[in-house]
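Engineer: here is my input, please return the structure:
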Amino acid sequence: MSGRGARGEADESEAASGSLDTVLSFVTGEMAFDPGPYNDAYLDRRVTARIRRTDAETYREYRGLLEADEAEQTALLDALNINVTRFFRNPDVWAVLRDVLAELTAANRTVRCWSAPCADGREPYSLAMLARDDPAIDANRLDIVGTDIDGEALAAARRGTYETTRTTDIAEELAPLSDLDAHVDRDGDSFTVRRPVRELVEFRRHDLLREDPLGEFELVLCRNLLIYIDGDHTRDIFDGLAAAVVPDGYLTIGKSETLPREFRTSFDAVERGAHVYRHC
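Structural biologist: Reported below is the predicted structural model:
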């Protein structure tokens with residue numbers, strides 16, 4: 001008579017199939033990606049999505065695939081990097097930023113703006129397009145930098161070409177502009193950011209989790225990253241963001257994100273629903 005029972009069978013099944021850590025230990029040791037700052041729910045969603053895509057059945061089987069297939073390593077790294085973005089994401093936020101940019105360019109000879117992380121460049125290009133589209137904003141005073149940890153995303157940002165697909169309508173994303181054709185060249189379903197817009201934006205590689213801020217800025221956008229990050233690392237990021245925003249400068253975070261309690265005395269809400277804050 002065995003006596004092992006259901007718990008013993010479950011333990012044996014888990015040992016055979018592995019766990020998320022089975023994959024993450026390989027990612028950490030062999031793929032130059034540190035999953036430590038990211039919460040487990042986010043990591044598990046991205047890994048299990050790749051498991052389903054490859055028809056692997058267990059974490060252990062998927063790790064074996066990673067060990068044998070460099071192309072799948074690249075695909076997983078691309079999945080783990082946070083590159084979800086669109087032009088003028090949350091239009092109500094951009095309505096507030098329109099007024100912020102008008103105020104800043106009226107008061108400053110140079111207005112330094114930082115989009116971090118910028119993914120494939122749509123957010124910093126949105127800033128540049130908005131400035132060129134609105135006569136109340138002096139686009140010539142803007143100095144925009146977009147940063148990301150993902151080199152491939154930055155290469156795509158520098159090319160500035162975006163495609164309309166079944167799930168992405170670029171013309172719809174650019175609807176806040178009064179004259180779309182002044183900012184992009186269209187060729188069928190392909191939209192390429194025009195040179196005058198591209199010239200307003202510099203793209204640089206930067207690790208927001210581990211590197212110091214690039215300098216001081218009148219406007220910093222860090223949207224929809226923090227929801228994926230564990231609490232302790234969120235505070236580390238905010239230390240850097242707070243240091244990067246000049247007094248009376250502005251910080252914008254994602255609509256699903258909140259300021260950590262210890263930073264709430266340093267930033268006043270300009271528009272709570274849009275999560276735009278002014279540095280006291």
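Engineer: next, the closest residue to R198 other than its chain neighbours: phi, psi?
Structural biologist: Residue nearest to R198 in three dimensions, not counting chain neighbours: G160, with 5.4 Å by C-beta to C-beta, 6 or more residues apart in numbering. All C-beta spots, glycine's among them, are computed from the backbone N, C-alpha and C. When read as degrees, to the nearest 10, the backbone of G160 gives phi 70, psi 30.
Engineer: next: A128.
Structural biologist: phi -70, psi -40.
Engineer: same question, the one 10 residues further on
Structural biologist: Dihedral angles of D138 (phi, psi; degrees, to the nearest 10) stand at phi -90, psi 100.
Engineer: please name the residues that touch the closest residue in space to it that isn't next to it in sequence.
Structural biologist: Excluding its sequence neighbours, the residue lying closest to D138 (C-beta to C-beta, 6+ apart) is T105, at 4.0 Å. Contact partners of T105, counting by C-beta atoms under 8 Å, 6 or more residues apart in numbering, are V111, A131, I137, D138, A139, R141, L142.
Engineer: which one of the residues you listed is nearest to D232?
Structural biologist: In terms of C-beta to C-beta, no member of the contacts of T105 lies closer to D232 than V111, at 32.5 Å.
Engineer: distance of A95 from V270?
Structural biologist: Between A95 and V270 the distance, using C-beta to C-beta, to the nearest Å, works out to 12 Å.
Engineer: burial count for L77?
Structural biologist: Per other C-beta atoms under 10 Å, the neighbour tally for L77 reads 15.
Engineer: please report phi then psi for it.
Structural biologist: Per degrees, to the nearest 10, the backbone of L77 is at phi -60, psi -40.
Engineer: look up how far F26 lies from it.
Structural biologist: 12 Å.
Engineer: what's the answer for S266, then?
Structural biologist: Taking C-beta to C-beta, one finds S266 at 40 Å from F26.
Engineer: try L209
Structural biologist: Shown here: L209 relative to F26, a distance of 21 Å by C-beta to C-beta.
Engineer: also S19?
Structural biologist: Here S19 is placed at a distance of 12 Å from F26 (C-beta to C-beta).
Engineer: helices of the stretch 151-280 of the chain, start to end?
Structural biologist: Counting by DSSP state H, counting those that start in this stretch, one finds helices in the stretch 151-280 of the chain at the ranges 151-159, 170-173, 195-198, 231-244.
Engineer: got a list of contacts for the last one?
Structural biologist: Helix 231-244 is contacted by residues 36-37, 114, 208-209, 212-217, 220, 222, 225-226, 229, 251, 259-260, 262-263, 266-267, 279 when judged by C-beta under 8 Å, 6+ apart.
Engineer: buried ones in it, by neighbour count?
Structural biologist: By 16 or more other C-beta atoms under 10 Å, the buried positions in helix 231-244 come out as H233, T234, D236, I237, F238, G240, L241, A242, A244.
Engineer: what do you get for the second one?
Structural biologist: Using 16+ other C-beta under 10 Å as the test for burial, helix 170-173 gives I170, E173.
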